[in-house]
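*Asks:* Generate a structure from the sequence data that follows.
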Amino acid sequence: MLGLGATSESTQGGADRGQVWVVDLNGPVGPASADLVIRSIADAEEVGARALVIRMDTPGGLDKSMRDVVKEILGADVPVITYVAPDGARAASAGTYIAFASHIIAMAPATNIGSSTPVSIAPGPGVPTPGGPDKTEPAPEQGSTGPEDAEAPARAEPASTDAMTRKVINDAVAYLQGLAELRGRNIEWAEETVRYGANLRASEALERNVIDLVVPDLRSLLEQLDGRSVTLSTRTVTLAVAGAGIREVETDWRHELLTIITDPSIAYGLLIFGIYGLILEFYNPGMVFPSVIGIVCLLLGAYGLQMLPINYAGLALIVVGIGLMIAEVFTPSLGIMGVAGVVAFVIGSVILMDTEAPGYQVPFLVVGAFAAATAGLTLFAVGAAVQARRQRIATGVEAMVGSTAEALEDFTDAGHVWAFGERWNARADGPVSKGDTLRITAVDGLTLKVTVE
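*Replies:* As a prediction, the model looks like this:
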């Protein structure tokens, strides 16, 4: 067992192998949600659960996380059922692929599925846009199915579509069609949802053989699935789930930690704070606290970012930008390095996330806040340095010249004076009386040159 928390409708005496496990996939598909689903499948297999239900409501997510979940489902030795619920939920983009990989797909009323065009493809001239067909071919009618689809003219890729776009789209089409063929679902619609961003409501998805059931709640789903045969990777099983206990998988500390540190804004902030901490320790050796906090933040931020699709050029620009702003403090360049640093920092932050997947962008507000804070600290440090340059020297030989001393005795050429809390040798150009206030004009080793005020 992996230690996932759970609550159950069944009694404590009910065996795990007689239960149906339910895990929620809410929000964007990312490292944290994928890890939870994958561990739940493995755990359900281990205890011999009758089935595992993925209760889904997602706008999509990261391609790598989606493919990890799909691979786990395809190799699962327990029936996996995707249930798009509650009412108003959706299985969009990456959620469609996960649903198609599942042995059974069910949807609650007023839900939808589709819009599976890769989100990294930016619409351009001649490029098919999500939600509509390209301009070179007519859009397929939503209600068409069966023989009509076979008679429809072949859809050619727009001539202006670049090679990389075609590769990405064709790869996604083949991937989803392969899943549809494996599970006996509508292959033609699988292509439509990738190329044109087609989307179906629950009732229409059932009519077009995209899903298996439309049911209002989980208990109704289990009752209607009872007795249905499901083909797993190594065997065929008959579902006996009508009276099974329902075990709700709860999140654990690992999932919560992954959810936090794989949030792009959190990972980005940890990275910046980590860099600041190390810089503070570097310029103030021995403080310890900044370096400890900086290293912890830097490691957590780096761990979170390495699980996300990041642009390393953006990461390098962030580091260079901070370096330039710090260099402006110690090597004043009339603001040139400071401005260049702010520009590099902002550009690096904007392009840091190498994906357009929903929920995986660093908000411009966060970028602006960090950029403004860093620029403000730089300007403050530069201003303090300039002000310090203008101030009178307060230490060293230069600070002694111009100060006053008190004569400790009468002397004409050489004698002793009291200055800076100490007894000094002194030389004067004229006669000096005890108690006279003298002005220091120069310092020659341990001898002060003075004149009477």
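
*Asks:* And the closest residue to residue 426 other than its chain neighbours, how far from residue 353?
*Replies:* Spatial nearest neighbour of residue 426, excluding adjacent residues (Cβ to Cβ, 6 or more residues apart in numbering): residue 417 at 4.3 Å. Using the backbone N, CA and C atoms, a C-beta is placed for each residue, glycine as well. Residue 417 sits 69 Å away from residue 353, going by Cβ to Cβ, to the nearest Å.

*Asks:* Which one's more surrounded, these two?
*Replies:* residue 417 (25 against 20; other Cβ atoms under 10 Å).

*Asks:* partners of that one in the sheet?
*Replies:* Residue 417 has these beta-bridge partners by DSSP bridges: residue 407, residue 424.

*Asks:* which residues of the stretch 101-250 of the chain fall in helices?
*Replies:* Ranges of helices within the stretch 101-250 of the chain are 147-151, 163-183, 187-195, 202-207, 218-225, based on DSSP state H, counting those that start in this stretch.

*Asks:* what packs against the longest one?
*Replies:* With contacts defined as 3 or more Cβ pairs under 8 Å, 6 or more residues apart in numbering; DSSP states H and E, helix 163-183 has these neighbours: helix 94-101, helix 187-195.

*Asks:* can you rerun that using 10 Å?
*Replies:* If you count contacts as 3 or more Cβ pairs under 10 Å, 6 or more residues apart in numbering; DSSP states H and E, helix 163-183 packs onto helix 63-74, helix 94-101, helix 187-195.

*Asks:* Centre of the chain to the last one, how far?
*Replies:* By that I understand helix 187-195. Computed by Cα atoms, centre = their mean, to the nearest Å, the chain-centroid distance of helix 187-195 equals 30 Å.

*Asks:* Next, the angle helix 163-183 makes with that helix.
*Replies:* 150 degrees (axes from the mean of the first three to the mean of the last three Cα atoms, to 10 degrees).

*Asks:* Could you do the longest one as well?
*Replies:* Angle between the axes of helix 63-74 and helix 163-183 is 20 degrees (criterion: the same axes, to 10 degrees).

*Asks:* in helix 63-74, what's buried?
*Replies:* Judged by neighbour count (16 or more other Cβ atoms under 10 Å), helix 63-74 contains these buried residues: 63, 64, 65, 66, 67, 68, 69, 70, 72, 73, 74.

*Asks:* Which secondary structure elements does it sit against?
*Replies:* Judged by 3+ Cβ pairs under 10 Å, 6+ apart, helix 63-74 is in contact with helix 31-47, strand 51-57, strand 80-84, helix 94-101, helix 163-183.

*Asks:* Any idea which of these gets closest to residue 327?
*Replies:* With respect to residue 327, and counting by Cβ to Cβ, the nearest of those is helix 31-47 at 35.4 Å.

*Asks:* tell me the mean pLDDT for the closest one?
*Replies:* Throughout helix 31-47, pLDDT has a mean value of 94.

*Asks:* just stretch 74-82 next, same as before
*Replies:* For stretch 74-82, mean pLDDT rounds to 96.

*Asks:* tell me which residues of that stretch are tucked away?
*Replies:* For stretch 74-82, burial by neighbour count (16+ other Cβ under 10 Å) applies to 74, 76, 78, 79, 80, 81, 82.

*Asks:* count of neighbours near residue 202?
*Replies:* Applying other Cβ under 10 Å, I find that residue 202 has 24 neighbouring residues.

*Asks:* Tell me, how many residues neighbour the nearest residue to it once chain neighbours are set aside?
*Replies:* Distance criterion Cβ to Cβ, 6+ apart; nearest residue to residue 202, sequence neighbours excluded, is residue 107 at 4.0 Å. Residues lying near residue 107 (other Cβ under 10 Å) number 31.

*Asks:* residues contacting residue 107?
*Replies:* Residue 107 sits next to 56, 82-85, 87, 89-91, 99, 113, 200-203, 205-206, 210-215, 221 when contact means Cβ atoms under 10 Å, 6 or more residues apart in numbering.

*Asks:* Could you check how far it is from residue 57?
*Replies:* Separation of residue 107 from residue 57 (Cβ to Cβ): 11 Å.

*Asks:* Assign residue 316 to helix, strand or coil.
*Replies:* Assigned with DSSP: H, G, I helix; E, B strand; the rest coil, residue 316 falls in the helix class.

*Asks:* Going forward, the N-terminal residue is numbered 144.
*Replies:* Sounds good: first residue 144 from here, last item residue 459.

*Asks:* Which residue, other than its chain neighbours, is closest to it?
*Replies:* residue 491 (7.0 Å).

*Asks:* Just the element for the one you found, please.
*Replies:* Element membership of residue 491 [criterion: DSSP states H and E] is helix 479-493.

*Asks:* if I've got this straight, residue 592 is in a helix?
*Replies:* No: read with three-state DSSP, residue 592 is strand and lies in no helix.

*Asks:* still on that earlier bit, of the helices of the stretch 244-393 of the chain, give the one that comes closest to residue 543.
*Replies:* Closest among the helices of the stretch 244-393 of the chain, using Cβ to Cβ: helix 306-326, at 71.4 Å.

*Asks:* What sits closest to the residue sitting nearest the centre point of the chain if chain neighbours are left out?
*Replies:* Closest residue to the average C-alpha location of the chain: residue 407 at 1.9 Å, with Cα atoms, centre = their mean. In space, and not counting its chain neighbours, residue 407 is closest to residue 505: 4.8 Å by Cβ to Cβ, 6+ apart.

*Asks:* backbone phi and psi for the nearest residue to residue 194 once chain neighbours are set aside, please?
*Replies:* Setting aside the residues directly before and after it, residue 194 is nearest to residue 222 in space (Cβ to Cβ, 6+ apart), at 4.2 Å. With angles defined as degrees, to the nearest 10, residue 222 sits at phi -60, psi 130.

*Asks:* now swap in residue 556 and tell me
*Replies:* Dihedral angles of residue 556 (phi, psi; degrees, to the nearest 10) stand at phi -120, psi -60.
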